[in-house]
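Colleague: Show me how the following folds:
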Amino acid sequence: MSDIEALVSDCITIEELFDQKGIPVIRGTLLMSSEQAFKTIASRLKPLNLLPILRGKNEKVELQIREIPKQKAAKPWINFALFAATVLTTIIAGSFLSGANPFNTPKDLVLGIPFSLALLLILGSHELGHYFACKRRGIRATLPYFLPAPPPFPIGTFGAVIKIKAPIQDKKGLIEVGAAGPIIGFILAIPIAIIGLRLSSFHLLIGEAEAHRILLGNSLIFWTLTELFTKTPPTGYDLSLHPVAFAGWVGMFITALNLIPVGQLDGGHISYALLGKKSKFIAWPLIGIMVFLGIYWAGWIFWAMLILLFIGIKHPPPLNDITPLDTPHKIIGYISLFIFIIAFVPVPFQIPR
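Modeller: Residues are numbered from 1 along each chain as shown. Down below sits the predicted model:
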């Protein structure tokens, strides 16, 4: 205890010092800004394999000292193997989307390359945005894990994820880590969607098959791009999206899913950074909205259950839960919220009756 006291005594007045189930706890008053105190204490504890957790209000704080959990060594070959498998499954999916069947004619695999390249560029940039934001903040994180999805899954992948292997230090970190992926992925999805829309064509609405085809829902951004970069279809015709345009649509849809401000989704990180513990008052109504939208697309029910069972509604606080956001980070948070609104698709898929 005396060693800990010596490490923090110039950052916080030690009014109470006690052991709580093996965890040293100090209560007192900050002698400097919360951000400066946290960084100073964290840098001193790191060589001891310890980290600080700072809680409280104003200058009165509680500081806990915890041991940094040991991490298993990374196995990057798994990341590369999954990526290679995802390249293959998305090329197969893209070939089918182009109207070919690569199982009957293997050379038609080449037709799936544009879709695969476009989609993986969006997904990869999204996850690398998270990865490099973590690196910038000194947070341990894995390379992206791409998740292949064999046929009949229509896009050839279940997406991509990274594992963050250390707690996020403060609310600024929550904004940077949470927003970097969606913003970068969204920015790339726009030109990809535009290129795909320019390559798209019209098809004649005829026959019983048309009555059972799956229609894609529209977000505000994709509707705007469609209005700007395609012509009005003639009577009796409809727009048939090129696979690259579909990749742009999927990228925007996945961006919106990740930006739902719930739990530890990207949007949950941002929501907690902006609102703190009050973010839960947004999370629960959004779960209710998803359940309601499940009337029109059952996938929202699945997504709501996935959040409730595996992701959770509440967001854990960062290590330093005291230091408030500055204006630039708030702006990044608001930009992310705007992207969520314009990329959200209330009814992603529907079959006309």
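
Colleague: Now do the strands in the stretch 101-250 of the chain.
Modeller: In the stretch 101-250 of the chain, strands defined by DSSP state E, counting those that start in this stretch lie at 145-148, 157-161, 201-204, 215-216, 237-240, listed in chain order.

Colleague: Looking at the ones you listed, which is nearest to Leu174?
Modeller: strand 157-161 (17.5 Å; Cβ to Cβ). Yep, even glycine has a C-beta here, placed from its N, CA and C like the rest.

Colleague: Buried residues in that closest one, which are they?
Modeller: Thr157, Gly159, Ala160, Val161 (16 or more other Cβ atoms under 10 Å).

Colleague: Could you report the pLDDT at the residue nearest to Ser336 when sequence neighbours are not counted?
Modeller: Of all residues beyond its chain neighbours, the one nearest Ser336 is Ala179 (4.5 Å), with distances taken as Cβ to Cβ, 6 or more residues apart in numbering. Per-residue pLDDT puts Ala179 at 98.

Colleague: who does Leu215 bridge with?
Modeller: Gln350 (DSSP bridges).

Colleague: ok, now which ones touch the residue nearest to Ser336?
Modeller: Asp266, His269, Ile270, Ile332, Gly333, Ile335, Ser336 (Cβ atoms under 8 Å, 6 or more residues apart in numbering).

Colleague: what about the third one, neighbour count?
Modeller: Which is Ile270. Counted by other Cβ atoms under 10 Å, the residues lying close to Ile270 total 30.

Colleague: Likewise for the second one?
Modeller: Burial of His269 is recorded as 30 neighbouring residues (other Cβ under 10 Å).

Colleague: Repeat that for the fifth one.
Modeller: Burial of Gly333 is recorded as 24 neighbouring residues (other Cβ under 10 Å).

Colleague: who's in contact with the strand or helix carrying it?
Modeller: Per DSSP states H and E: Gly333 is located in helix 327-343. Helix 327-343 is contacted from outside by 171-172, 175-176, 178-179, 182-183, 186, 219-222, 252-253, 255-256, 259-261, 266-267, 270, 273-274, 325, using Cβ under 8 Å, 6+ apart.

Colleague: hmm, try it at 6 Å
Modeller: Helix 327-343 has contacts (Cβ atoms under 6 Å, 6 or more residues apart in numbering) with 172, 175, 179, 186, 219-221, 252, 255-256, 259, 270, 274.

Colleague: now swap in stretch 26-38 and tell me
Modeller: Residues contacting stretch 26-38 (Cβ under 6 Å, 6+ apart): 11-17, 54, 59-63, 320, 322-323.

Colleague: got the buried residues for it?
Modeller: Buried residues in stretch 26-38 (16+ other Cβ under 10 Å): Ile26, Arg27, Gly28, Leu30, Ser34, Glu35, Ala37, Phe38.

Colleague: CA atoms only for that stretch, dumped as PDB, please.
Modeller: Once non-C-alpha atoms are left out, stretch 26-38 reads as follows in PDB (Å, rounded to 0.1, in the frame of the first residue of the first chain):
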ATOM      1  CA  ILE A  26      -7.900   5.400  -2.700                       C
ATOM      2  CA  ARG A  27     -10.400   8.200  -2.000                       C
ATOM      3  CA  GLY A  28      -9.500  11.800  -2.100                       C
ATOM      4  CA  THR A  29      -9.300  15.000  -4.000                       C
ATOM      5  CA  LEU A  30      -7.600  15.600  -7.300                       C
ATOM      6  CA  LEU A  31      -4.600  17.900  -7.300                       C
ATOM      7  CA  MET A  32      -4.600  18.400 -11.100                       C
ATOM      8  CA  SER A  33      -7.000  17.900 -14.000                       C
ATOM      9  CA  SER A  34      -8.600  14.400 -14.100                       C
ATOM     10  CA  GLU A  35      -7.100  13.800 -17.500                       C
ATOM     11  CA  GLN A  36      -3.600  14.700 -16.400                       C
ATOM     12  CA  ALA A  37      -3.900  12.800 -13.200                       C
ATOM     13  CA  PHE A  38      -5.100   9.600 -15.000                       C
END
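
Colleague: centre of the chain versus that stretch, how much separation?
Modeller: Centroid displacement of stretch 26-38 relative to its chain, using Cα atoms, centre = their mean, to the nearest Å, is 32 Å.

Colleague: tell me the mean pLDDT over that stretch?
Modeller: Taken as a whole, stretch 26-38 has a mean pLDDT of 93.

Colleague: before we move on, what about stretch 90-103?
Modeller: 96.

Colleague: got the end-to-end distance for it?
Modeller: End-to-end distance of stretch 90-103 (Cα to Cα, to the nearest Å): 14 Å.

Colleague: which residues are contacting it?
Modeller: Residues from elsewhere that reach stretch 90-103 (Cβ under 6 Å, 6+ apart): Asp108, Leu109, Leu111, Gly112, Ile113, Phe115, Ser116, Leu119, Ile155, Gly156, Thr157, Pro243.

Colleague: Going through the contacts of stretch 26-38, which ones are buried?
Modeller: Cys11, Ile12, Leu17, Leu54, Val61, Glu62, Leu63, Asn320, Ile322, Thr323.

Colleague: how about the closest residue to Lys277 other than its chain neighbours, secondary structure?
Modeller: Leaving aside its sequence neighbours, Lys277 sits nearest to Pro317 (Cβ to Cβ, 6+ apart; 7.9 Å). Look at Pro317: counting by DSSP: H, G, I helix; E, B strand; the rest coil, its state is coil.

Colleague: ok so, going back, tell me which two of the buried ones among the contacts of stretch 26-38 sit farthest apart.
Modeller: Longest span within the buried ones among the contacts of stretch 26-38, Cβ to Cβ: Leu17 and Thr323, 22.8 Å.
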